[in-house]
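1. structural data only, the sequence is not supplied:
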(Lines give C-alpha, C1' and ligand atoms only; values in the text may rest on other atoms or scores of the structure.)
Protein backbone atom coordinates (compact mmCIF):
# COMPACT_ATOMS: atom_id res chain seq x y z
CA UNK A 1 0.00 0.00 0.00
CA UNK A 2 2.80 2.41 0.92
CA UNK A 3 4.66 1.63 -2.30
CA UNK A 4 1.47 2.25 -4.28
CA UNK A 5 0.94 5.64 -2.61
CA UNK A 6 4.60 6.50 -3.15
CA UNK A 7 4.05 6.30 -6.91
CA UNK A 8 1.80 9.36 -6.76
CA UNK A 9 4.81 11.46 -5.80
CA UNK A 10 6.31 10.74 -9.23
CA UNK A 11 3.15 10.46 -11.32
CA UNK A 12 3.77 10.89 -15.04
CA UNK A 13 2.45 14.27 -16.15
CA UNK A 14 0.82 12.65 -19.20
CA UNK A 15 -1.42 10.66 -16.85
CA UNK A 16 -2.32 13.88 -14.99
CA UNK A 17 -3.22 15.60 -18.26
CA UNK A 18 -5.29 12.61 -19.40
CA UNK A 19 -7.23 12.50 -16.12
CA UNK A 20 -7.83 16.25 -16.26
CA UNK A 21 -9.04 16.01 -19.86
CA UNK A 22 -11.48 13.24 -18.87
CA UNK A 23 -12.77 15.27 -15.89
CA UNK A 24 -13.53 18.19 -18.23
CA UNK A 25 -14.92 16.32 -21.25
CA UNK A 26 -17.18 13.77 -19.51
CA UNK A 27 -19.52 16.42 -17.94
CA UNK A 28 -19.53 18.39 -21.21
CA UNK A 29 -20.35 15.43 -23.45
CA UNK A 30 -22.62 13.41 -21.18
CA UNK A 31 -25.43 14.24 -18.78
CA UNK A 32 -23.72 14.32 -15.38
CA UNK A 33 -26.28 15.43 -12.83
CA UNK A 34 -25.00 18.18 -10.53
CA UNK A 35 -26.76 20.33 -7.97
CA UNK A 36 -25.65 23.92 -7.41
CA UNK A 37 -26.16 26.26 -4.49
CA UNK A 38 -28.43 29.04 -5.77
CA UNK A 39 -27.30 32.53 -4.81
CA UNK A 40 -29.93 34.86 -3.33
CA UNK A 41 -29.34 37.39 -6.14
CA UNK A 42 -30.15 34.74 -8.76
CA UNK A 43 -33.24 33.55 -6.92
CA UNK A 44 -34.47 37.15 -6.62
CA UNK A 45 -34.58 37.51 -10.41
CA UNK A 46 -36.18 34.09 -10.80
CA UNK A 47 -38.87 34.87 -8.21
CA UNK A 48 -39.60 38.26 -9.78
CA UNK A 49 -39.99 36.79 -13.27
CA UNK A 50 -42.05 33.94 -11.85
CA UNK A 51 -44.56 36.47 -10.51
CA UNK A 52 -44.92 38.51 -13.71
CA UNK A 53 -48.48 38.14 -14.93
CA UNK A 54 -48.73 36.03 -18.13
CA UNK A 55 -49.78 38.12 -21.16
CA UNK A 56 -49.40 41.21 -18.99
CA UNK A 57 -46.53 43.69 -18.83
CA UNK A 58 -43.49 42.32 -20.74
CA UNK A 59 -39.94 41.75 -19.59
CA UNK A 60 -37.35 43.80 -21.48
CA UNK A 61 -33.96 42.19 -22.18
CA UNK A 62 -31.10 44.38 -23.36
CA UNK A 63 -28.26 42.39 -24.97
CA UNK A 64 -25.53 44.87 -24.04
CA UNK A 65 -22.53 42.66 -24.80
CA UNK A 66 -20.24 41.42 -27.56
CA UNK A 67 -18.99 37.95 -28.60
CA UNK A 68 -16.01 38.07 -26.21
CA UNK A 69 -18.28 37.45 -23.23
CA UNK A 70 -21.04 35.50 -24.99
CA UNK A 71 -19.93 32.20 -23.40
CA UNK A 72 -20.95 33.55 -19.97
CA UNK A 73 -23.99 35.62 -20.93
CA UNK A 74 -25.71 33.58 -23.67
CA UNK A 75 -26.77 30.81 -21.22
CA UNK A 76 -28.34 33.45 -18.93
CA UNK A 77 -30.34 34.89 -21.82
CA UNK A 78 -31.60 31.47 -22.91
CA UNK A 79 -32.59 30.46 -19.38
CA UNK A 80 -34.53 33.68 -18.69
CA UNK A 81 -36.23 33.55 -22.09
CA UNK A 82 -37.29 29.93 -21.51
CA UNK A 83 -38.72 30.92 -18.16
CA UNK A 84 -40.69 33.76 -19.76
CA UNK A 85 -42.00 31.82 -22.75
CA UNK A 86 -42.93 28.79 -20.64
CA UNK A 87 -45.07 31.04 -18.44
CA UNK A 88 -46.55 33.12 -21.25
CA UNK A 89 -44.63 36.26 -20.29
CA UNK A 90 -44.05 38.55 -23.28
CA UNK A 91 -40.54 39.77 -24.08
CA UNK A 92 -39.14 42.96 -25.61
CA UNK A 93 -35.54 42.63 -26.78
CA UNK A 94 -33.01 45.22 -27.88
CA UNK A 95 -29.31 46.01 -27.71
CA UNK A 96 -27.43 49.16 -26.77
CA UNK A 97 -24.11 47.61 -27.84
CA UNK A 98 -23.46 47.40 -31.61
CA UNK A 99 -22.14 43.82 -31.44
CA UNK A 100 -25.07 42.66 -29.35
CA UNK A 101 -27.43 43.27 -32.27
CA UNK A 102 -27.14 39.88 -34.02
CA UNK A 103 -26.42 38.01 -30.77
CA UNK A 104 -29.77 38.98 -29.29
CA UNK A 105 -31.69 38.23 -32.49
CA UNK A 106 -30.17 34.76 -32.77
CA UNK A 107 -30.93 33.81 -29.18
CA UNK A 108 -34.45 35.21 -28.92
CA UNK A 109 -35.66 33.69 -32.20
CA UNK A 110 -34.18 30.27 -31.42
CA UNK A 111 -35.75 30.06 -27.96
CA UNK A 112 -39.06 31.42 -29.29
CA UNK A 113 -39.18 28.54 -31.80
CA UNK A 114 -38.77 26.02 -28.96
CA UNK A 115 -42.04 27.28 -27.47
CA UNK A 116 -43.87 28.11 -30.69
CA UNK A 117 -43.88 31.86 -29.94
CA UNK A 118 -44.51 34.39 -32.72
CA UNK A 119 -42.66 37.60 -33.44
CA UNK A 120 -44.80 40.70 -32.89
CA UNK A 121 -47.31 38.80 -30.78
CA UNK A 122 -45.36 36.99 -28.05
CA UNK A 123 -42.06 38.86 -28.39
CA UNK A 124 -40.52 41.77 -30.27
CA UNK A 125 -36.86 42.37 -31.05
CA UNK A 126 -35.66 45.87 -31.93
CA UNK A 127 -31.95 45.19 -32.40
CA UNK A 128 -29.22 47.76 -31.84
CA UNK A 129 -30.24 51.30 -30.90
CA UNK A 130 -27.45 53.94 -30.92
CA UNK A 131 -27.42 56.60 -28.24
CA UNK A 132 -27.48 54.45 -25.09
CA UNK A 133 -28.52 56.92 -22.36
CA UNK A 134 -30.66 58.88 -24.83
CA UNK A 135 -32.59 55.69 -25.66
CA UNK A 136 -32.96 54.85 -21.97
CA UNK A 137 -34.37 58.30 -21.20
CA UNK A 138 -36.58 58.44 -24.28
CA UNK A 139 -38.22 55.09 -23.46
CA UNK A 140 -39.25 56.55 -20.13
CA UNK A 141 -41.34 59.11 -22.02
CA UNK A 142 -42.31 57.37 -25.26
CA UNK A 143 -41.13 53.88 -26.26
CA UNK A 144 -42.47 54.31 -29.80
CA UNK A 145 -40.18 57.29 -30.47
CA UNK A 146 -37.17 55.42 -29.09
CA UNK A 147 -37.95 52.20 -31.01
CA UNK A 148 -39.84 53.23 -34.18
CA UNK A 149 -38.86 50.10 -36.17
CA UNK A 150 -38.04 46.58 -35.06
CA UNK A 151 -35.01 44.53 -36.16
CA UNK A 152 -36.87 43.48 -39.34
CA UNK A 153 -37.89 47.10 -40.16
CA UNK A 154 -41.49 46.53 -39.12
CA UNK A 155 -43.14 49.78 -37.87
CA UNK A 156 -43.95 49.96 -34.17
CA UNK A 157 -47.70 50.31 -34.79
CA UNK A 158 -47.68 47.09 -36.86
CA UNK A 159 -46.54 45.02 -33.86
CA UNK A 160 -49.68 43.91 -31.96
CA UNK A 161 -47.72 43.23 -28.77
CA UNK A 162 -46.53 46.84 -28.55
CA UNK A 163 -49.95 48.53 -28.77
CA UNK A 164 -50.26 48.89 -24.98
CA UNK A 165 -46.61 49.69 -24.26
CA UNK A 166 -46.05 53.44 -23.98
CA UNK A 167 -43.26 53.89 -21.40
CA UNK A 168 -41.55 52.14 -18.48
CA UNK A 169 -44.85 51.99 -16.59
CA UNK A 170 -45.81 49.25 -19.05
CA UNK A 171 -42.57 47.25 -18.56
CA UNK A 172 -42.39 44.71 -15.72
CA UNK A 173 -38.60 44.45 -15.56
CA UNK A 174 -35.50 45.51 -17.51
CA UNK A 175 -32.71 42.90 -17.58
CA UNK A 176 -29.36 44.20 -18.84
CA UNK A 177 -26.92 41.47 -19.90
CA UNK A 178 -23.46 43.02 -20.08
CA UNK A 179 -19.75 42.49 -19.67
CA UNK A 180 -19.19 46.13 -18.76
CA UNK A 181 -20.96 48.98 -16.94
CA UNK A 182 -24.20 49.13 -18.95
CA UNK A 183 -26.32 48.07 -15.93
CA UNK A 184 -25.11 51.17 -14.02
CA UNK A 185 -26.57 53.38 -16.75
CA UNK A 186 -29.85 51.45 -16.67
CA UNK A 187 -29.99 51.96 -12.90
CA UNK A 188 -29.35 55.72 -13.16
CA UNK A 189 -31.31 56.71 -16.26
CA UNK A 190 -34.17 54.21 -16.12
CA UNK A 191 -34.42 52.83 -12.58
CA UNK A 192 -33.72 55.97 -10.54
CA UNK A 193 -35.49 58.44 -12.83
CA UNK A 194 -38.50 56.40 -14.00
CA UNK A 195 -38.75 53.82 -11.16
CA UNK A 196 -38.71 50.79 -13.48
CA UNK A 197 -37.28 47.62 -11.92
CA UNK A 198 -33.75 46.73 -13.09
CA UNK A 199 -31.86 43.42 -12.99
CA UNK A 200 -28.39 42.57 -14.28
CA UNK A 201 -26.62 39.62 -15.85
CA UNK A 202 -22.87 40.21 -15.64
CA UNK A 203 -19.62 38.40 -16.31
CA UNK A 204 -17.98 36.91 -13.23
CA UNK A 205 -15.31 39.61 -13.14
CA UNK A 206 -17.91 42.43 -13.14
CA UNK A 207 -20.53 40.90 -10.84
CA UNK A 208 -18.90 41.85 -7.48
CA UNK A 209 -19.13 45.56 -8.38
CA UNK A 210 -22.94 45.29 -8.29
CA UNK A 211 -23.34 44.20 -4.67
CA UNK A 212 -23.88 47.77 -3.39
CA UNK A 213 -26.78 48.13 -5.85
CA UNK A 214 -28.24 44.83 -4.65
CA UNK A 215 -28.00 45.94 -1.02
CA UNK A 216 -29.77 49.25 -1.73
CA UNK A 217 -32.48 47.57 -3.78
CA UNK A 218 -31.53 49.41 -6.98
CA UNK A 219 -31.11 46.01 -8.58
CA UNK A 220 -33.86 43.39 -8.20
CA UNK A 221 -31.22 40.69 -8.57
CA UNK A 222 -28.17 39.60 -10.51
CA UNK A 223 -26.88 36.63 -12.49
CA UNK A 224 -23.13 36.40 -11.98
CA UNK A 225 -20.98 34.67 -14.58
CA UNK A 226 -21.34 31.09 -15.76
CA UNK A 227 -22.49 30.04 -12.29
CA UNK A 228 -25.40 32.49 -12.42
CA UNK A 229 -26.52 30.95 -15.69
CA UNK A 230 -26.20 27.44 -14.27
CA UNK A 231 -28.22 28.40 -11.19
CA UNK A 232 -31.04 29.82 -13.32
CA UNK A 233 -31.00 26.71 -15.54
CA UNK A 234 -31.33 24.56 -12.44
CA UNK A 235 -34.29 26.60 -11.17
CA UNK A 236 -36.28 26.40 -14.42
CA UNK A 237 -35.59 22.65 -14.74
CA UNK A 238 -36.69 21.99 -11.16
CA UNK A 239 -39.88 24.02 -11.76
CA UNK A 240 -40.64 22.09 -14.97
CA UNK A 241 -40.28 25.07 -17.32
CA UNK A 242 -37.55 23.27 -19.29
CA UNK A 243 -36.68 19.60 -19.62
CA UNK A 244 -32.89 19.58 -19.18
CA UNK A 245 -29.90 21.61 -18.02
CA UNK A 246 -28.08 23.59 -20.70
CA UNK A 247 -24.43 24.37 -21.38
CA UNK A 248 -23.86 26.54 -18.27
CA UNK A 249 -24.68 23.62 -15.97
CA UNK A 250 -22.41 21.31 -17.97
CA UNK A 251 -19.58 23.84 -17.91
CA UNK A 252 -19.90 24.34 -14.15
CA UNK A 253 -19.88 20.55 -13.63
CA UNK A 254 -16.69 20.32 -15.72
CA UNK A 255 -15.10 23.10 -13.65
CA UNK A 256 -16.17 21.48 -10.37
CA UNK A 257 -14.94 17.97 -11.24
CA UNK A 258 -11.65 19.21 -12.67
CA UNK A 259 -11.02 21.26 -9.51
CA UNK A 260 -11.81 18.26 -7.30
CA UNK A 261 -9.41 16.13 -9.34
CA UNK A 262 -6.64 18.73 -9.00
CA UNK A 263 -7.15 18.91 -5.22
CA UNK A 264 -7.12 15.10 -4.97
CA UNK A 265 -3.93 14.84 -7.04
CA UNK A 266 -2.22 17.52 -4.91
CA UNK A 267 -3.09 15.61 -1.73
CA UNK A 268 -1.99 12.24 -3.17
CA UNK A 269 1.15 13.79 -4.65
CA UNK A 270 2.19 15.19 -1.25
CA UNK A 271 1.42 11.90 0.49
CA UNK A 272 3.45 10.06 -2.15
CA UNK A 273 6.37 12.48 -1.78
CA UNK A 274 6.63 12.04 2.03
CA UNK A 275 6.26 8.25 1.79
CA UNK A 276 9.01 8.14 -0.86
CA UNK A 277 11.26 10.15 1.46
CA UNK A 278 10.67 7.74 4.32
CA UNK A 279 11.37 4.70 2.12
CA UNK A 280 14.63 6.29 0.91
CA UNK A 281 15.68 7.08 4.50
CA UNK A 282 15.12 3.44 5.55
CA UNK A 283 17.21 2.24 2.63
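-> In hand now; what should we look at? Nothing here was measured: the structure is a model prediction, and the numbers come from that model.
2. mind listing the helices for the stretch 1-150 of the chain?
-> 2-6, 13-29, 40-50, 70-87, 100-114, 133-141, 143-146 (DSSP state H, counting those that start in this stretch).
3. list the contacts of the helix or strand hosting residue 186.
-> Here residue 186, judged by DSSP states H and E, is contained in helix 182-186. For helix 182-186, contacts defined as CB atoms under 8 Å, 6 or more residues apart in numbering pick out 62, 64-65, 96-97, 132-133, 136, 174, 176, 198, 200, 202, 210, 213, 219. The way it works is simple: take the backbone N, C-alpha and C, and place the C-beta from them, glycine included.
4. following that helix, which helix or strand comes up?
-> helix 193-194.
5. list the buried residues of the helix holding residue 186.
-> Buried residues in helix 182-186, counted by 16 or more other CB atoms under 10 Å: 182-186.
6. would a markdown table of these with pLDDT be doable?
-> Below are the buried residues of helix 182-186 laid out as a markdown table (pLDDT from 0 to 100):
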| residue | pLDDT |
| --- | --- |
| 182 | 94 |
| 183 | 94 |
| 184 | 94 |
| 185 | 95 |
| 186 | 96 |
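7. just for the stretch 1-150 of the chain, where's the confidence low?
-> For the stretch 1-150 of the chain, residues meeting the criterion pLDDT under 70 lie at 1-9, 32.
8. contacts for stretch 144-155, please.
-> Counting by CB under 8 Å, 6+ apart, 94, 101, 105, 119-120, 124-127, 129, 135, 138-139, 156-157, 159, 162, 166 sit against stretch 144-155.
9. which of those fall in strands?
-> 94, 124-127 (DSSP state E).
10. identify the farthest-apart pair in these.
-> 124 and 127 (10.4 Å; CB to CB).
11. these two: which has the busier surroundings?
-> For residue 124 versus residue 127, neighbours defined as other CB atoms under 10 Å are more numerous around residue 124 (26 against 20).
12. measure the closest residue to residue 130 other than its chain neighbours to residue 42 for me?
-> Distances taken as CB to CB, 6 or more residues apart in numbering place residue 98 nearest to residue 130, at 7.8 Å, with adjacent residues excluded. For residue 98, the distance to residue 42 equals 28 Å [CB to CB, to the nearest Å].
13. can you check residue 101 too?
-> Taking CB to CB, one finds residue 101 at 27 Å from residue 42.
14. same question, residue 18
-> The value you get for residue 18 to residue 42, if CB to CB is used, is 35 Å.
15. which positions within stretch 183-199 qualify as buried?
-> Quick answer for stretch 183-199 (16+ other CB under 10 Å): 183-187, 189-191, 194, 196-199.
16. one more: stretch 59-73?
-> 59-66, 69-70, 72-73.
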